[in-house]
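S.K.: Build me a model:
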Amino acid sequence: MLSAELAPALIAWYRQAARDLPWRHDVTPYRVWVSEIMLQQTRVEAVKPFFQRFMDRLPTVADLAHAPEEVWLKLWEGLGYYSRVRNLHRAACVVCERYGGELPCDEKQLLALPGIGPYTAGAILSFAMGKPVPAVDGNVMRVLARLTDDGRDITAPALRREYENMLRPLIPPDAASDFGQGLIELGATLCGPDHPPACEACPLARLCRGYVAGHADALPNRARPAPRRIEERTVLILRDGRRVALRRRPDSGLLAGLWELPGVCGRMSRDEAVAWARGEGYEPVRVRQTDPVKHVFTHMEWHMSGYLLELEEAQERADGELRFLLREEVARQCTLPSAFRGFLKYL
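M.R.: Next comes the predicted model:
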């Protein structure tokens, strides 16, 4: 159980110590929603400029719903995990169709929207609407594990639900936003993941069982993740003067529907790369190997070698996957996944 003293101590600290973040200004359900989707698996400092650009271009749910795919994909370029923005757009369309462009204030209705889970729904309801609903993310899980001296596996879904139920009766109806954001702020700063907890400065230290027991820094416990699978790939950069070849990835699966530099699984030799280009109907006049590039996904790593194949003149095949675009158009119009960032200097 958590002490009833937790809420006033936490709220007083948050009101004095809260970081100045762009989504904490001009608070609306839409701004909270977009920021929370962006912040999934992404650092706060990395999100700040993306959030501001997104809001400048698409300031309302309706703006997002009616924007063409190339606009919102380009605004997301560099953030990764593109299924997030696809779900964001799908949900915006539903909100416009069913709720007149305003996010619903009902938890079940929010949870039915694409890409919105219990944490995001809780954040929208509490941070933007002031409703006493818990918003339990990884930061909050860590704080609660230390506060309650809980040694169980923090990744267990049942534990998250238990913590949500533990928090509900403690949320003050008149300060739900400050309470919820205070827990997250504490877990992101003093009780953060990348350094020992700053217990001496914590407003909840005297209420923290982990601290009193002397082992807050050993918590939380989590199951060891499975090792990431390594996939060898060869990227093939076909240049025709000022043009470069791209292709669309499949509509489902990893990096669904995004443009990519063509390539194959496995490592190719120089001769194999030339043979691949000829098989596509193109004759390279110069070939050189690129620097290797590694990109880490959540559960997989791409270890990529590459070849730059310069062509005398390329005619697109009507039945082929490759499309030749001006290099400046690629930068301006196409959303290339960050996995290929290390190859951009060759375009």
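S.K.: Tell me the gap between stretch 127-134 and the middle of its chain.
M.R.: 23 Å (Cα atoms, centre = their mean, to the nearest Å).
S.K.: Any idea how far apart the tips of it sit?
M.R.: 10 Å (Cα to Cα, to the nearest Å).
S.K.: try stretch 198-213
M.R.: End-to-end for stretch 198-213, by Cα to Cα: 15 Å.
S.K.: List the strands paired with the helix or strand residue 324 falls within, with their directions.
M.R.: When secondary structure is defined by DSSP states H and E, residue 324 falls within strand 323-326. Within its sheet, strand 323-326 is paired with strand 243-248 (antiparallel), according to DSSP bridges.
S.K.: Summarise which helices and strands the helix or strand containing residue 16 is packed against.
M.R.: Using DSSP H and E, residue 16 sits in helix 6-17. Helices and strands touching helix 6-17, by 3 or more Cβ pairs under 8 Å, 6 or more residues apart in numbering; DSSP states H and E, are helix 176-188. The way it works is simple: take the backbone N, C-alpha and C, and place the C-beta from them, glycine included.
S.K.: Work out the gap between the helix it packs on and the centre of the chain.
M.R.: On Cα atoms, centre = their mean, the centre of helix 176-188 falls 20 Å from the chain's centre.
S.K.: Now it - C-alpha only, PDB.
M.R.: The C-alpha trace of helix 176-188 is given here as PDB (Å, rounded to 0.1, in the frame of the first residue of the first chain):
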ATOM      1  CA  ALA A 176      -4.800  14.800 -11.300                       C
ATOM      2  CA  SER A 177      -2.500  16.300 -13.900                       C
ATOM      3  CA  ASP A 178       0.200  17.400 -11.500                       C
ATOM      4  CA  PHE A 179       0.000  14.000  -9.600                       C
ATOM      5  CA  GLY A 180       0.400  11.900 -12.800                       C
ATOM      6  CA  GLN A 181       3.000  14.100 -14.400                       C
ATOM      7  CA  GLY A 182       4.800  14.300 -11.000                       C
ATOM      8  CA  LEU A 183       5.200  10.500 -10.900                       C
ATOM      9  CA  ILE A 184       6.600  10.500 -14.400                       C
ATOM     10  CA  GLU A 185       8.900  13.500 -13.700                       C
ATOM     11  CA  LEU A 186      10.300  11.800 -10.700                       C
ATOM     12  CA  GLY A 187      10.900   8.600 -12.600                       C
ATOM     13  CA  ALA A 188      12.600  10.500 -15.400                       C
END
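S.K.: can you pull the buried residues of the next helix or strand after it?
M.R.: Using DSSP H and E, the helix or strand that follows helix 176-188 in sequence is helix 209-213. Across helix 209-213, burial judged by 16 or more other Cβ atoms under 10 Å covers 210-211.
S.K.: contacting residues around the helix or strand following helix 209-213?
M.R.: Downstream of helix 209-213, the first helix or strand assigned by DSSP H and E is strand 229-240. Outside strand 229-240, the residues within contact range by Cβ atoms under 8 Å, 6 or more residues apart in numbering are 244-245, 261-268, 273, 276-277, 282, 284, 290, 293, 299-314, 322, 324, 340, 343, 346-347.
S.K.: how far is strand 229-240 from where the chain is centred?
M.R.: 24 Å.
S.K.: Listing partners with orientation, what would you give for it?
M.R.: strand 243-248 (antiparallel), strand 263-265 (antiparallel), strand 300-311 (parallel).
S.K.: buried set for it?
M.R.: For strand 229-240, the neighbour count (16+ other Cβ under 10 Å) marks 233-240 as buried.
S.K.: helices or strands next to the host helix or strand of residue 121 in the packing?
M.R.: Per DSSP H and E, residue 121 falls inside helix 118-123. With contacts taken as 3+ Cβ pairs under 8 Å, 6+ apart, helix 118-123 sits against helix 29-39, helix 107-111, helix 157-167.
S.K.: Now distance to residue 20 too, for the buried residues of strand 229-240, in JSON lines please.
M.R.: As requested, the buried residues of strand 229-240 are arranged in JSON lines below (distance: Cβ to Cβ, whole Å):
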{"residue": "233", "distance to residue 20": "41"}
{"residue": "234", "distance to residue 20": "46"}
{"residue": "235", "distance to residue 20": "41"}
{"residue": "236", "distance to residue 20": "46"}
{"residue": "237", "distance to residue 20": "42"}
{"residue": "238", "distance to residue 20": "47"}
{"residue": "239", "distance to residue 20": "45"}
{"residue": "240", "distance to residue 20": "48"}
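S.K.: Rebuild those as TSV, extending it with distance to residue 69 and pLDDT.
M.R.: Formatted as TSV, the buried residues of strand 229-240 follow (distance: Cβ to Cβ, whole Å; pLDDT from 0 to 100):
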residue	distance to residue 69	pLDDT
233	26	97
234	29	98
235	24	98
236	26	97
237	25	97
238	25	96
239	26	95
240	26	91
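S.K.: Leaving out sequence neighbours, find the closest residue to residue 1.
M.R.: residue 166 (7.4 Å; Cβ to Cβ, 6 or more residues apart in numbering).
S.K.: Residue 144 versus that neighbour, what's the distance?
M.R.: 7 Å (Cβ to Cβ, to the nearest Å).
S.K.: same check, this time on residue 20
M.R.: 26 Å.
S.K.: Please say which of these two ends up with more neighbours.
M.R.: residue 144 (25 against 6; other Cβ atoms under 10 Å).
S.K.: SS state for the more buried one?
M.R.: Recorded secondary structure, residue 144: helix (DSSP: H, G, I helix; E, B strand; the rest coil).
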